[in-house]
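>>> here is my input; please provide its structure:
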Amino acid sequence: MAVLTSAVDPAAESFKANAAVYDGLLHTLRERYAWALAGGGEHMVQRHRKRGKIPVRDRIDLLVDPMSPFLELSPLAAFGLYDNKVPAAGVVTGIGVVRGVICMIIANDATTKGGSFFKETIRKHIRAQDIAFENGLPVVYLVDCGGANLSQGDEVFPDQDHFGGAFYRQCRMSAAGIPQIAAVFGECTAGGAYIPALSDEIVMTANNSSVHLGGPQIVKAAIKEIVDREALGGAEMHCTVSGVSDHFARDEPEAIAKTRDIVGALGRLQQVHGPTRPVREPLYDAAEIPGIVGADLTRPFDQREIVARIVDGSEFHEFKPLFGETLVCGFAHIHGMPVGILANNGVLFSESALKGAHFIELCDQRSVPLLFLQNITGFMVGSEAERTGIAKNSAKLVYAVANARVPRYTVVTGGSYGAGNYGMSGRGFRPRFMFMWPNARLGTMSPDIGSSVLMDLRRSSISRHPASEEELAAYEAKLRRMFDEQSAPYYCTARLWDDGLIEPQDTREVIGLCLAIGALQPPVTGNRPVYRM
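Numbering: from 1, shown residues only. From the prediction side, this is the model:
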């Protein structure tokens, strides 16, 4: 295939300025990751240890195979919410290798509000289950859960994607033959008891773990029975009397070892489907990406420069390079696995949309997964665009994205606005994984356009609602702040509109892992014609 050439000059002043600004973004990102890693704080972690309990990420380190990768998802969930007192939304989710088997791991952090479920906790939990379901991954639950946060009852209990949705997914995955394994390290009460109870095999830890539908206080209030937690639902009782638990562990290291053994005994063969090639490093350094991109979204960059730094050998077979030039499409390999790439180099015109739809159908016909690199203000507007059929042609791209049978992956490298977000496989179109860079923005409109539209509406109503120029200026400033705040990457990732913020230089490794996970599922069979739209 053709090899991309780079026009980037690392010695250029503009490159150095971009890199310097991006260094600040990366410093902020790493600081906020440290917030997530700290859990409930040093005091709570030490209290945890004194009870003979291991911090949640240390449990995961013991669970996964030595020197194997762990792809943590949404570590900054709930950032900026609840006075920043619920780091990572109180649960760690991610994909790791256990006894050679790729698994989804869902682990409660009891140092954070006792591991109770806030609405973001539930969103993160069920997002991890959905990823496991779609990719056929066994799920390992490391349970240390205080149940639902009762102060948010209307936001965590009744709806289909609230707490009950997690149990529904467990049932559905089990029926589909996807193993569910639970290791219990703490109290599982009320709804939290169903996480282990619905699992295929359960390990309980002596002294600290318990499973019961109603705790001692509820039992006392309901039926006047006085009983302690251990007698009510401790590990020994459930292993020797009720049979709720399948395995008894004297301490947490033994519980984790038994959990590893259970996964190892699954006899689950995971093979990669589709052709692969020897892995080759790109010809250009991914560490240069920050200097290419910068933080100013009004300054465009050529997405081919990004592609050259993430694909094998910087080889890229571009599709229709002279047509619909604001959408770059082409075939490549990442870590030896084939991928079709769609990347924005400007607003999407009718030609770009038609080209994208055609390319997606080619990839779908050839069972080539899709990677979308979003930097998009939206589809073109205006009378000329409407006369060329932008409404119909943009719908064709959206249709092609929604109905592609191959796995789709999305990285927001710049802006992601309006219907462009949909056409480039945004979260609403359910890509297998979606990540953002720390310079990225995501929203209905950019701050400039959004505030301008609403200001025009405000000015048109002045006859009915008078306002001075000073009041209008203050209102415009408020609108800009709102659009800017609500499109910021930390606002988005806190609410789980993505699967996490990643550093640009890690993109190749992260997408390589995602492609490998997607390749565990056989491609959808059956021919599909290609329509030259």
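
>>> list the buried residues in stretch 244-259.
Neighbour counts over stretch 244-259 (16 or more other C-beta atoms under 10 Å) mark 244-249, 252, 255-256, 258-259 as buried. Using the backbone N, CA and C atoms, a C-beta is placed for each residue, glycine as well.

>>> and the end-to-end length of that stretch?
16 Å (C-alpha to C-alpha, to the nearest Å).

>>> ok, back up a step: could the buried residues of stretch 244-259 go into a markdown table alongside distance to D296?
As requested, these are exported to a markdown table (distance: C-beta to C-beta, whole Å):
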| residue | distance to D296 |
| --- | --- |
| V244 | 57 |
| S245 | 56 |
| D246 | 57 |
| H247 | 56 |
| F248 | 59 |
| A249 | 54 |
| E252 | 49 |
| A255 | 51 |
| I256 | 47 |
| K258 | 53 |
| T259 | 48 |
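
>>> quick one: low-confidence parts of the stretch 251-400 of the chain?
Regions of the stretch 251-400 of the chain meeting the criterion pLDDT under 70 are absent.

>>> cutoff 90 now
For the stretch 251-400 of the chain, the stretches flagged by pLDDT under 90 are 267-272, 274, 378, 380-382, 385, 388.

>>> rewinding a little: can you tell me which of the buried residues of stretch 244-259 are in helices?
Taking DSSP state H, the ones among the buried residues of stretch 244-259 that sit in helices are 252, 255-256, 258-259.

>>> dump these into JSON lines; add distance to E120 as well.
Output for these, formatted as JSON lines (distance: C-beta to C-beta, whole Å):
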{"residue": "E252", "distance to E120": "26"}
{"residue": "A255", "distance to E120": "27"}
{"residue": "I256", "distance to E120": "26"}
{"residue": "K258", "distance to E120": "31"}
{"residue": "T259", "distance to E120": "26"}
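
>>> of the residues you listed, closest to D144?
Distance ranking of those against D144, using C-beta to C-beta, places E252 first at 9.9 Å.

>>> isn't the closest one right up against R51?
No - here E252 lies out of contact with R51, judged by C-beta atoms under 8 Å, at a distance of 10.2 Å.

>>> what touches both of those two?
Residues touching both E252 and R51 by C-beta atoms under 8 Å, 6 or more residues apart in numbering: N208.

>>> number of nearby residues for G80?
G80 has 15 neighbouring residues, counting by other C-beta atoms under 10 Å.

>>> quick one: average confidence on the helix or strand where V92 lies?
Using DSSP states H and E, V92 maps to strand 91-98. In this model, strand 91-98 has a mean pLDDT of 98.

>>> next SSE after it?
As assigned by DSSP H and E, the chain's next helix or strand after strand 91-98 is strand 101-108.

>>> and the angle for that following strand with strand 91-98?
Going by axes from the mean of the first three to the mean of the last three C-alpha atoms, to 10 degrees, strand 101-108 is angled at 160 degrees with respect to strand 91-98.

>>> tell me which residues in strand 101-108 are buried?
Applying 16+ other C-beta under 10 Å to strand 101-108 flags 101-108 as buried.

>>> same question for stretch 507-524.
Of all the residues in stretch 507-524, those buried under the rule 16+ other C-beta under 10 Å are 507-519, 523.

>>> re earlier: closest to T93 out of the buried residues of stretch 244-259?
Using C-beta to C-beta, the buried residues of stretch 244-259 come closest to T93 at T259, 16.3 Å.

>>> what sits against that closest one?
The contact partners of T259, by C-beta under 8 Å, 6+ apart, come to 63, 98, 140, 181, 183, 203.

>>> give the bridge partners for the fifth one, please.
Here A183 sits in beta bridges with L142, V203, going by DSSP bridges.

>>> from what I see, it and Y141 are in contact.
Yes - A183 is within contact range of Y141, at 7.2 Å (criterion: C-beta under 8 Å).

>>> ok, Y531 touching E361?
Yes - between Y531 and E361 there is a contact under C-beta under 8 Å: 6.6 Å.

>>> who has more neighbours out of those two?
E361 (19 against 10).

>>> what's the nearest residue to that one if we skip its chain neighbours?
Excluding the flanking residues, the one nearest E361 by C-beta to C-beta, 6 or more residues apart in numbering is V530, at 4.6 Å.

>>> contacts only, for the one you found.
358, 361-362, 365.

>>> in the protein, where's the longest strand?
Counting residues, the longest strand found in the chain (DSSP state E) is strand 408-417.

>>> quick one: strands adjacent to it?
If you go by DSSP bridges, strand 408-417 pairs up with strand 370-376 (parallel), strand 433-436 (parallel), strand 441-443 (parallel).

>>> for these, which one sits closest to T493?
Ranking the strands paired with strand 408-417 by proximity to T493 (C-beta to C-beta) places strand 433-436 first, at 6.6 Å.

>>> what residues does the closest one touch?
For strand 433-436, contacts defined as C-beta under 8 Å, 6+ apart pick out 131, 409-412, 425-427, 442, 489, 492-493, 498-502, 507, 510, 514.

>>> over to stretch 130-141?
With contact meaning C-beta under 8 Å, 6+ apart, stretch 130-141 is reached by 63, 73, 95, 98, 101-107, 128-129, 169-170, 172-173, 176, 178-183, 195-196, 199, 259, 263, 266, 268, 432-433, 517-518, 520-521.

>>> L479 touches S451, doesn't it?
Yes - with contact defined as C-beta under 8 Å, L479 and S451 form a contacting pair (4.0 Å).

>>> so between the two, which is more surrounded?
Set L479 next to S451 and count neighbours by other C-beta under 10 Å: S451 wins out with 21 against 18.

>>> for that one, give me the pLDDT.
Note on S451: pLDDT of 76.

>>> run the angle between the one helix or strand it maps to and strand 408-417 for me.
Assigned by DSSP H and E, S451 belongs to helix 447-460. On the basis of the same axes, to 10 degrees, helix 447-460 is oriented at 50 degrees to strand 408-417.

>>> now do the buried residues in helix 447-460.
For helix 447-460, the neighbour count (16+ other C-beta under 10 Å) marks 447, 449-451, 454-455, 458 as buried.

>>> before we move on, what about stretch 307-325?
307-316, 318-320, 324.

>>> mind checking how far the residue nearest to E361 is from M337?
22 Å (C-beta to C-beta, to the nearest Å).

>>> report the next helix or strand after the helix holding S451 in sequence order.
Using DSSP H and E, the helix or strand that follows helix 447-460 towards the C-terminus is helix 469-487.

>>> how far does that following helix sit from its chain's centre?
The chain centre lies 30 Å from the centre of helix 469-487; the measure is C-alpha atoms, centre = their mean, to the nearest Å.

>>> and that helix with helix 447-460, angle?
Orientation note: helix 469-487 sits at an angle of 140 degrees relative to helix 447-460 (the same axes, to 10 degrees).

>>> before we move on, back to that, could I get the average pLDDT for the longest strand of the chain?
97.

>>> after that strand, which helix or strand is next?
Note on strand 408-417: by DSSP H and E, the next helix or strand toward the C-terminus is helix 418-423.

>>> and the strands in the stretch 151-300 of the chain, which stretches?
Counting by DSSP state E, counting those that start in this stretch, the segments of the stretch 151-300 of the chain that form strands are 180-184, 187-189, 201-205, 210-212, 247-249.

>>> what is the burial count for Y491?
Using other C-beta under 10 Å, Y491 has 18 other residues around it.

>>> surely it meets G80?
Yes - look at Y491 against G80 with C-beta under 8 Å: they come within range, at 7.1 Å.
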